[in-house]
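>>> What would the 3D arrangement of this be:
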Amino acid sequence: MSRILQSKAGFTLIELVMVVLIITILTGIAVPYYGDYIRDARRSTLKQNLANFRKVLNDFRGDQGRGPFRVPVYNNGTAIVSNPRSALDFELIAGPIQVTRSGSAYDVVRRTGFKYLPSFPILEDPETSSRIDWSYGTSTMFFVDDGLPEEADRFDFNKDFAFIDNNGNASFDGEATDTVQFLFNGKASTDYVGSTAKPLDFIGVTAVDSTGMKY
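Numbers count the residues shown, from 1 in each chain. Next comes the predicted model:
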């Protein structure tokens with residue numbers, strides 16, 4: 001009797017093979033669904049983080065009447081914003097640059113008490129989980145460079161002209177259409193009618209993942 005009971009204990013080789021086969025099949029079914037779930041979760045987080053970023057940009061625009069600067073900003077040759085995408089200069093983190101005017105005189109200050117973000121938003125690629133960067137989107141404020149050629153990619157308060165582009169054609173069409181924002185170089189705004197302008201701020205952002213999908 002003991003030998004009969006002993007022979008029936010445990011699994012046979014065929015039973016073990018069947019169990020392994022079933023586990024393999026179930027794993028093959030579950031893993032792709034799990035991968036899709038992870039990607040969907042990352043994609044949802046990415047969209048939410050971008051939505052929060054865009055909301056902060058909208059809040060900044062509502063307070064300041066423009067978006068954050070996207071190019072280096074100078075005043076009389078002194079850098080006010082050296083790198084607009086560094087935490088030390090990015091207006092949403094370091095505080096907005098504000099200009100106070102009294103006739104032709106003006107003063108440029110940074111309001112460090114107005115911090116719209118504690119740090120740059122974390123944007124994670126849904127496919128690879130690696131960090132992806134954001135790009136500038138739409139602009140509302142443009143500037144016309146009046147400086148030297150080597151200063152063409154920066155804005156200087158005492159040399160250049162900036163305006164709010166109300167009709168979206170990236171060109172100054174006069175004060176009846178667009179709004180003069182910064183003009184401290186002694187010239188008249190009429191001198192800039194029809195001038196080619198460059199984006200000075202941004203009010204939108206975009207991000208692209210490793211598959212080329214744009215958010």
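
>>> got the buried residues for the one helix or strand residue 109 maps to?
Element membership for residue 109, per DSSP states H and E: strand 105-110. Under the neighbour-count criterion of 16 or more other C-beta atoms under 10 Å, strand 105-110 has residue 108 buried. No exception for glycine: its C-beta is placed from N, CA and C like everyone else's.

>>> Mind listing residues that contact that strand?
Applying C-beta atoms under 8 Å, 6 or more residues apart in numbering, the external contacts of strand 105-110 come out as 75, 80, 94, 95, 96, 97, 98, 99, 100, 157, 184.

>>> Can I get that strand in PDB, CA atoms only?
Output in PDB follows, covering the C-alpha atoms of strand 105-110 (Å, rounded to 0.1, in the frame of the first residue of the first chain):
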ATOM      1  CA  ALA A 105      12.700 107.000 -18.100                       C
ATOM      2  CA  TYR A 106      12.300 103.400 -17.200                       C
ATOM      3  CA  ASP A 107      13.600 100.800 -14.700                       C
ATOM      4  CA  VAL A 108      13.900  97.000 -15.300                       C
ATOM      5  CA  VAL A 109      13.400  94.800 -12.200                       C
ATOM      6  CA  ARG A 110      12.800  91.100 -11.500                       C
END
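
>>> strands paired with that strand, and their directions?
In the sheet, strand 105-110 lines up against strand 97-102 (antiparallel) (DSSP bridges).

>>> Show the average pLDDT along the partner strand.
When pLDDT is averaged over strand 97-102, the result is 90.

>>> Please compute how far that strand lies from its chain's middle.
Distance of strand 97-102 from the chain centroid (C-alpha atoms, centre = their mean, to the nearest Å) equals 26 Å.

>>> Of all the residues in it, which ones are buried?
Residues residue 97 are the ones in strand 97-102 that count as buried (16+ other C-beta under 10 Å).

>>> who touches it?
Contact partners of strand 97-102, identified using C-beta under 8 Å, 6+ apart, comprise 64, 69, 73, 80-81, 91, 106-111, 157, 182.

>>> Tabulate the contacts of strand 105-110 (a markdown table), appending distance to residue 173.
Output for these, formatted as a markdown table (distance: C-beta to C-beta, whole Å):
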| residue | distance to residue 173 |
| --- | --- |
| 75 | 27 |
| 80 | 28 |
| 94 | 33 |
| 95 | 32 |
| 96 | 27 |
| 97 | 26 |
| 98 | 26 |
| 99 | 23 |
| 100 | 27 |
| 157 | 22 |
| 184 | 21 |
